[in-house]
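K.L.:
I would like to see how this sequence folds:
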Amino acid sequence: MISLKKAGFKFFRCILGLSIIIPITLLFYKTPKILTSPQKFTVQSLPVSYLSSTTSPTSTATSPTSAATPPPASNYSKSLSNNTRRFAIFSSSIHSKLRSYIFYTPIAAAAWQRIGYDVIVVFAGDFTKKSNASLSPQLNVSRTFLKRLGVHVINFQCDISYSIKISQLVRIFAGFLPDTIINDTDYILTTDTDIIPILKQDYELKENTDGFIFNAFCCGTYQRRNKTYDMYPMSHICLPKQFWRNIFLESIQRQELLKSNLSVSDSILLSDKAPFSIDTINLYTRHEFRQIYDSNMTKGDTAWYMDQVYSSMLLNDYCEKHSNIKIDKRKHDSKRLDPNLPFHMWEPSRLKTYGDAHVIHDEIFGSYRWLTFKNLLYFLFNSSLANDFNDYYKQFTLLLRDKPNDH
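P.N.:
Next comes the predicted model:
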């Protein structure tokens, strides 16, 4: 009888303790937020020839009002080493009605990492007014995934009305990126959010060259400033960071600006220490394109091609001045996986025959198109990362207001 009383007393104490502990535990428990504090991971890349370097070059300041003295073109290192790093840069407007440009950023980033490139993603738009676009949960989901991949993410401040043209132009000003992100001797490759690289050898650097232009013979020639220029595509031009900066510092556009009545702030923007900012882009681009730069831009008009025209002109002029420069101009010999191809061309057994993929835009948010696209994800990445992208797709589409009709 006594033992039963003791057992009953112990049971009562146990129940009393739990009644205190459980409410306290629930009081401090918070529901975990999806992808807000994600574990960082890396993409398993194909074998690459070059390893990362954290060495930052020393530099000396120059007078903002005087012509900067960039390193001679002959000083560009044509000998590749284990310290040679390569970066792919692409950008998206946060105000674009096509949400796929934001959606694809982590997928494109992982694809470039797979073939040995570090990645810089620029989001262009108005971040100062806490606009709906800058606070977009879609943008937050994409940016969070990019950070998991270890990508350099830059919020590039500009007016909403300029955000799409700036998302195009910002790539050719990558030579003004800070040394905290990329060194002068590192290579920068321009690309687009909707281009997914597949074949690694298409994007390798060659010894004794200063870089390469992929699909260099695609676009013919054009006339500007009473000269004929070769037109190069933005996907892709791969040059050292200091090369990208020097094509501006030694340009006729800069020489003309230096001879004009400059404010102190404009003088700084023309120095070799110019910031990677909207002010630098405004000064150089408005000078060259005048009212076209400030006009409303629609796809396919003159303003739409400013980045391609400007980079081609600067690059042609610079190489004309420095005959010792050797840029590997490549054809696009490999096949492209195009969104207009029949669906059976996206079957896993066929994917190894392609060099890159040009992906569809907002149609991707239809479940049937996503089901087809997943073949490419499982071809490029291990199953764990491909599954993460599938979860990412589900998160992103839940946040969309308008979705395409399913097949």
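
K.L.:
C-alpha only now, for contacts and for neighbours.
P.N.:
Noted.

K.L.:
List the contacts of stretch 183-194.
P.N.:
55-57, 76-77, 84-92, 101, 104-105, 108, 171-172, 174-175, 211, 234-242, 358-361 (CA atoms under 8 Å, 6 or more residues apart in numbering).

K.L.:
List only those of those residues flagged as buried.
P.N.:
76, 84-92, 101, 104-105, 108, 171-172, 174-175, 211, 234-242, 358-360 (16 or more other CA atoms under 10 Å).

K.L.:
Out of those, which sit inside helices?
P.N.:
Counted as lying in helices by DSSP state H, out of the buried ones among the contacts of stretch 183-194, are Tyr101, Thr105, Ala108, Lys241, Gln242.

K.L.:
Now intersect the buried ones among the contacts of stretch 183-194 with the strands, please.
P.N.:
Among the buried ones among the contacts of stretch 183-194, the ones falling in strands (DSSP state E) are Arg86, Phe87, Ala88, Ile89, Phe90, Ser91, Ser92, Ile237, Cys238, Leu239, Pro240, His358.

K.L.:
so which of these comes closest to Leu400?
P.N.:
Ser92 (17.3 Å; CA to CA).

K.L.:
Spit out the contact partners of that closest one.
P.N.:
Tyr101, Ile102, Val122, Phe123, Ala124, Ile164, Ser167, Gln168, Thr193.

K.L.:
if you set the cut-off to 10 Å instead, what comes out?
P.N.:
98-105, 121-125, 156, 163-168, 192-193 (CA atoms under 10 Å, 6 or more residues apart in numbering).

K.L.:
Now a ChimeraX select for only the buried ones of those residues.
P.N.:
Per 16+ other CA under 10 Å, the buried members of these correspond to this ChimeraX selection:
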select :99,100,101,102,103,104,105,121,122,123,124,125,156,163,164,165,166,167,168,192,193
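
K.L.:
Which ones among the contacts of Ser92 map onto strands?
P.N.:
Reading strands off the contacts of Ser92 with DSSP E, I get Val121, Val122, Phe123, Ala124, Gly125, Phe156.

K.L.:
what pairs with the last one across the strands?
P.N.:
On DSSP bridges, the residues paired with Phe156 through beta bridges are Ala124.

K.L.:
I'd guessed it sits against Ser167; true?
P.N.:
Yes - using CA atoms under 10 Å, Phe156 is in contact with Ser167, at 8.7 Å.

K.L.:
Mutual contacts of these two, please.
P.N.:
Counting by CA under 10 Å, 6+ apart, the common neighbours of Phe156 and Ser167 are Ser91, Ser92, Ser93, Ile94, Val122, Phe123, Ala124, Gly125.

K.L.:
Now render the residues you listed as a markdown table, adding pLDDT.
P.N.:
Converted to a markdown table, these look like this (pLDDT from 0 to 100):
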| residue | pLDDT |
| --- | --- |
| Ser91 | 98 |
| Ser92 | 98 |
| Ser93 | 97 |
| Ile94 | 96 |
| Val122 | 98 |
| Phe123 | 98 |
| Ala124 | 97 |
| Gly125 | 95 |
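
K.L.:
ok, how many other residues are close to Gly220?
P.N.:
Gly220 has 10 neighbours, counted by other CA atoms under 10 Å.

K.L.:
show me what contacts it?
P.N.:
Contacts of Gly220 (CA under 10 Å, 6+ apart): Tyr229, Asp230, Met231, Tyr232.

K.L.:
could you dump the residues you listed to a markdown table with distance to Leu337, secondary structure and pLDDT?
P.N.:
Listed next are those as a markdown table, based on distance: CA to CA, whole Å; DSSP: H, G, I helix; E, B strand; the rest coil; pLDDT from 0 to 100:
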| residue | distance to Leu337 | secondary structure | pLDDT |
| --- | --- | --- | --- |
| Tyr229 | 30 | strand | 98 |
| Asp230 | 26 | strand | 98 |
| Met231 | 23 | coil | 98 |
| Tyr232 | 21 | coil | 98 |
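
K.L.:
out of the residues you listed, who has the most neighbours?
P.N.:
Neighbour counts for the contacts of Gly220 peak at Tyr232, which has 26 neighbours (criterion: other CA under 10 Å).

K.L.:
Surely that one is in contact with Leu315?
P.N.:
Yes - using CA under 10 Å, Tyr232 is in contact with Leu315, at 9.3 Å.

K.L.:
pretty sure Phe248 is in a helix, no?
P.N.:
Yes - checked against DSSP: H, G, I helix; E, B strand; the rest coil, Phe248 lies within a helix.

K.L.:
what about it, how many neighbours?
P.N.:
Count around Phe248 with other CA under 10 Å applied: 24.

K.L.:
Check the gap between it and Asn183 for me.
P.N.:
Using CA to CA, to the nearest Å, one obtains 17 Å as the distance from Phe248 to Asn183.

K.L.:
Could you do Tyr393 as well?
P.N.:
From Tyr393 across to Asn183, the span is 34 Å (CA to CA).

K.L.:
Equivalent analysis for Met345, please.
P.N.:
40 Å.

K.L.:
Between those two, which has more neighbouring residues?
P.N.:
More neighbours surround Asn183 than the other of Met345 and Asn183, with 22 against 15 (other CA under 10 Å).

K.L.:
List phi and psi for the more buried one.
P.N.:
phi -90, psi 160 (degrees, to the nearest 10).

K.L.:
Now for Phe379, how many residues are close by?
P.N.:
With other CA under 10 Å as criterion, Phe379 counts 16.

K.L.:
State whether it is indeed within a helix.
P.N.:
Yes - according to three-state DSSP, the state of Phe379 is that of a helix.

K.L.:
Report how many residues lie close to the closest residue to it other than its chain neighbours.
P.N.:
Closest residue in space to Phe379, ignoring its immediate chain neighbours: Pro348 at 6.7 Å, by CA to CA, 6 or more residues apart in numbering. Residues near Pro348, counting by other CA under 10 Å, number 15.

K.L.:
so what's Pro348 up against?
P.N.:
Thr372, Lys374, Asn375, Leu376, Leu377, Tyr378, Phe379.

K.L.:
Tyr229 contacts Cys319, correct?
P.N.:
No - using CA under 10 Å, Tyr229 is not in contact with Cys319; the gap is 11.6 Å.

K.L.:
and whichever strand or helix holds Ala386, which residues are buried?
P.N.:
Under the criterion DSSP states H and E, the helix or strand holding Ala386 is helix 383-398. Judged by neighbour count using 16+ other CA under 10 Å, the buried positions of helix 383-398 are Leu385, Ala386, Phe389, Asn390, Tyr392, Tyr393, Gln395, Phe396, Thr397.
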